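Trainee: no letters, just coordinates:
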């Protein structure tokens, strides 16, 4: 006996007892930190994705803006070539024409006109004589009334002509700035904005180093339009220098040629494909009121100003202005940034005359025909954001699935551990009884036939209980492996209920419980497997007995019912008056290894497999199990089985089943 007690004590110390509340060592919670970490990770990924999407969208906008800017700058370069060709041809030298006569300029003008008409080489690509309306000499160096001369290449003559009205403001301004060369080179500026350091430096001889290119020193009047250049006064008796009064060469451009030929050709070249323009193009002279120099579409350039894709100041800002200094930096470094390509200035060709504090420049304006470019950029941005959002949602769903799977796996593992502990105690109870009985018989403690019979009955009952536990575990294993097989045939309900009641009579008696059976007469046979039906009913009755309280009464009823779809079924109900099941636990009672906290607190032993096995057996036969329960009142588990419709043809099979 001492060895038996030592063995039992050792096992009890090693295995936790579920009847004592299954005390566990409280551990640090694992899942809340994991959940917080996943949320932080998702937030970090969302921020990174948003930044990445913004950078990609900005890159797309920069690319679109750069392409449009490149087209506009190439358009600008060709227009500059058209306007500057005559300036190059007139060859106003480094000494500002001090050694040239008016006939020298006439011959150059005539040669340029003939070259533009007869030659078609690359060097003469911009030589368009029809662009020049006329070239004039404005002699402001004379002490008397200035003369206004016209160079006439057709008859190789220089004529004195009357001043045209549209030239009066320009010529008056030039006359007022003719005292010396430095003043003349800055004539385009208002007197109030004259720079402290003139545009031209002086050399030792007193003559200005006027240019670094062939167009340096030329100044532009957008109102005429005209290009002018100062010429140092020359005479036979006086050496020219920068302090002499100057004359002016005035090149008046043909605005109709610019409007009707040059600008349309440039628009088709850079903003269209074949004869179709991708953009609406206009050149607008700003001011009050503004006037349209050229427009590809009637009315464009005046209306729809708010929907323009990009604008460019064609002749550029003054070199010493903030915008001009900005351009000098940008044109030598990189393309305009995305926020600047909507409105920018081209490089300075010639300084433009200022007649007021508010300049009225020529502006190139563009609008995409298929819709604003900004809408394209926004559409790309929204698409990138949508893709990023979808990726983020998929990542969140994936992380959520992994988290739920981890939680379920953790819960399932915990349930399995509880199951192992419960089964260990459920198996130990009959084993302990059998071991004790065998030891008592061996030691001679048991004497007499009546005692031997009692001990034999005890060993048999405990062995049967042990076999039931083993059968449940084996059945659960076969269900998990998918190897269980069932033989469905017609089974009489009343007989199978009575057989189950008889097989459980000893268990019912040992638990001092009464089971009342009420089977409706004339019930048809049900379609099922006899072993599976018995397993279902035995599990349900066992549970009803275990969870009953002082009122140890269980009712088993069987009756015929019509389903919602018109079919018929037999319902076998097992009702107890036990502790009941709360609504929050009803959805879990059929899960494997699940034990209700109330059952654990009441020290009701069990493995947590009974209801799971009963539900699986019922569903394997095409039936189901339903439950209705009230806490403190009791529970009713109902087994729903389909009846055999062809009852007459299967009558013989039912009889054979009864006899079996």
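Mentor: Ah, there it is. What you see is a predicted model, and the numbers here were worked out from it, not measured in a lab.

Trainee: what's the pLDDT at the residue positioned nearest the centre of the chain?
Mentor: Among the residues of the chain, the one closest to the centroid is residue 388, at 2.1 Å (CA atoms, centre = their mean). What the model reports for residue 388 is a pLDDT of 84.

Trainee: now for it: which residues touch it?
Mentor: Residues in contact with residue 388, defined by CB atoms under 8 Å, 6 or more residues apart in numbering, are 49-50, 52-53. Where C-beta positions appear, they are placed from N, C-alpha and C, glycine not excepted.

Trainee: can you map out the helices along the stretch 551-660 of the chain?
Mentor: Using DSSP state H, counting those that start in this stretch, the helices assigned to the stretch 551-660 of the chain run over residues 583-586, 597-601, 610-620, 651-659.

Trainee: which outside residues touch the shortest one?
Mentor: Contacts made with helix 583-586 from outside it, assessed by CB under 8 Å, 6+ apart, are listed as 596, 627, 629.

Trainee: surely residue 153 and residue 113 touch.
Mentor: Yes - in this structure, residue 153 sits in contact with residue 113. The criterion is CB atoms under 8 Å, and the distance is 5.2 Å.

Trainee: shared neighbours, those two?
Mentor: Going by CB under 8 Å, 6+ apart, no residue sits against residue 153 while also sitting against residue 113.

Trainee: so of the contacts of helix 583-586, which ones are in strands?
Mentor: When strands are assigned by DSSP state E, the members of the contacts of helix 583-586 inside them are 627, 629.

Trainee: list the beta-bridge partners for residue 363.
Mentor: With DSSP bridges as the criterion, residue 363 is bridged to residue 284, residue 313.

Trainee: so who does it touch?
Mentor: Neighbours of residue 363 in contact, by CB under 8 Å, 6+ apart: 283-286, 311-314.

Trainee: residue 560 versus that one, what's the distance?
Mentor: Counting by CB to CB, to the nearest Å, the gap between residue 363 and residue 560 amounts to 93 Å.

Trainee: tell me which element residue 416 falls in.
Mentor: With secondary structure defined by DSSP states H and E, residue 416 is part of helix 373-442.

Trainee: and residue 64, how far from residue 54?
Mentor: 16 Å.

Trainee: which of these two has more neighbours?
Mentor: More neighbours sit around residue 64 than around the other of residue 64 and residue 54, counting by other CB atoms under 10 Å; the figures are 18 against 14.

Trainee: can you tell me the helix or strand for the more buried one?
Mentor: Taking DSSP H and E as the definition, one finds residue 64 inside helix 31-90.

Trainee: centre of the chain to that helix, how far?
Mentor: Here helix 31-90 is found 18 Å from its chain centre; the criterion is CA atoms, centre = their mean, to the nearest Å.

Trainee: tell me the mean pLDDT over that helix?
Mentor: 85.

Trainee: what do you get for stretch 217-230?
Mentor: If you average the pLDDT over stretch 217-230, you get 91.

Trainee: where do the strands of the stretch 251-400 of the chain begin and end?
Mentor: 272-273, 276-277, 279-285, 291-295, 310-313, 343-345, 362-368 (DSSP state E, counting those that start in this stretch).

Trainee: redo these as TSV? Include distance to residue 547.
Mentor: Output for the strands of the stretch 251-400 of the chain, formatted as TSV (distance: least, CB to CB, whole Å):
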stretch	distance to residue 547
strand 272-273	85
strand 276-277	86
strand 279-285	83
strand 291-295	92
strand 310-313	81
strand 343-345	82
strand 362-368	78
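
Trainee: could I get these as JSON lines with distance to residue 89 and mean pLDDT?
Mentor: Compiled in JSON lines, these are given as follows (distance: least, CB to CB, whole Å; pLDDT from 0 to 100):
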{"stretch": "strand 272-273", "distance to residue 89": "31", "mean pLDDT": "82"}
{"stretch": "strand 276-277", "distance to residue 89": "32", "mean pLDDT": "85"}
{"stretch": "strand 279-285", "distance to residue 89": "24", "mean pLDDT": "90"}
{"stretch": "strand 291-295", "distance to residue 89": "24", "mean pLDDT": "89"}
{"stretch": "strand 310-313", "distance to residue 89": "27", "mean pLDDT": "88"}
{"stretch": "strand 343-345", "distance to residue 89": "27", "mean pLDDT": "81"}
{"stretch": "strand 362-368", "distance to residue 89": "23", "mean pLDDT": "89"}
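
Trainee: out of these, which is closest to residue 637?
Mentor: Across these, the minimum distance to residue 637, taken as CB to CB, is reached by strand 362-368, at 73.2 Å.

Trainee: now the helices for the stretch 151-300 of the chain?
Mentor: Taking DSSP H, counting those that start in this stretch, the helices of the stretch 151-300 of the chain run over residues 168-176, 181-185, 255-257, 263-271.

Trainee: which of these has the highest mean neighbour count?
Mentor: Using mean count of other CB atoms under 10 Å, the stretch among the helices of the stretch 151-300 of the chain with the greatest mean number of neighbours is helix 181-185 (a mean of 23).

Trainee: return the distance of that one from the chain's centre.
Mentor: The chain centroid and the centroid of helix 181-185 are separated by 61 Å under CA atoms, centre = their mean.

Trainee: now for it, which elements pack on it?
Mentor: Helix 181-185 makes packing contacts with strand 226-232, strand 246-253 when contacts are defined by 3 or more CB pairs under 8 Å, 6 or more residues apart in numbering; DSSP states H and E.

Trainee: deepest in the core, which of these is it.
Mentor: Scoring those by mean neighbour count under mean count of other CB under 10 Å gives strand 226-232 as the most buried, with a mean of 26.

Trainee: give the contact list for residue 520.
Mentor: With contacts defined as CB under 8 Å, 6+ apart, the neighbours of residue 520 are 557-560.

Trainee: quick check: phi and psi on it?
Mentor: Recorded main-chain torsions at residue 520 are phi -60, psi 130, according to degrees, to the nearest 10.

Trainee: measure it to residue 537 for me?
Mentor: Taking CB to CB as the measure, residue 520 and residue 537 are separated by 16 Å.

Trainee: check for me that residue 134 belongs to a strand.
Mentor: Yes - assigned with DSSP: H, G, I helix; E, B strand; the rest coil, residue 134 falls within a strand.

Trainee: tally of neighbours for it?
Mentor: Residues near residue 134, counting by other CB under 10 Å, number 17.

Trainee: nearest spatial neighbour of it, skipping sequence neighbours?
Mentor: Nearest non-adjacent residue to residue 134, counting by CB to CB, 6 or more residues apart in numbering: residue 252, 4.9 Å away.

Trainee: who touches that neighbour in this structure?
Mentor: Here residue 252 is in contact with 132-136, 167, 224-226 (CB under 8 Å, 6+ apart).

Trainee: state the pLDDT value of it.
Mentor: Model confidence at residue 252, expressed as pLDDT, equals 95.

Trainee: report the beta-bridge partners for it.
Mentor: Here residue 252 sits in beta bridges with residue 134, residue 226, as judged by DSSP bridges.

Trainee: any idea how far it is from residue 406?
Mentor: Counting by CB to CB - residue 252 and residue 406 are separated by 85 Å.

Trainee: equivalent analysis for residue 528, please.
Mentor: When residue 528 is compared with residue 406 (using CB to CB), they lie 39 Å apart.

Trainee: picking up where we left off before, which of the helices and strands packed on helix 181-185 sits closest to residue 578?
Mentor: Nearest of the helices and strands packed on helix 181-185 to residue 578, taken as CB to CB: strand 246-253 at 107.6 Å.

Trainee: run a quick neighbour tally on the residue lying closest to residue 542 once chain neighbours are set aside.
Mentor: Leaving out its chain neighbours, the residue that sits closest to residue 542 by CB to CB, 6+ apart is residue 610, at 6.4 Å. Using other CB under 10 Å, residue 610 has 20 neighbouring residues.
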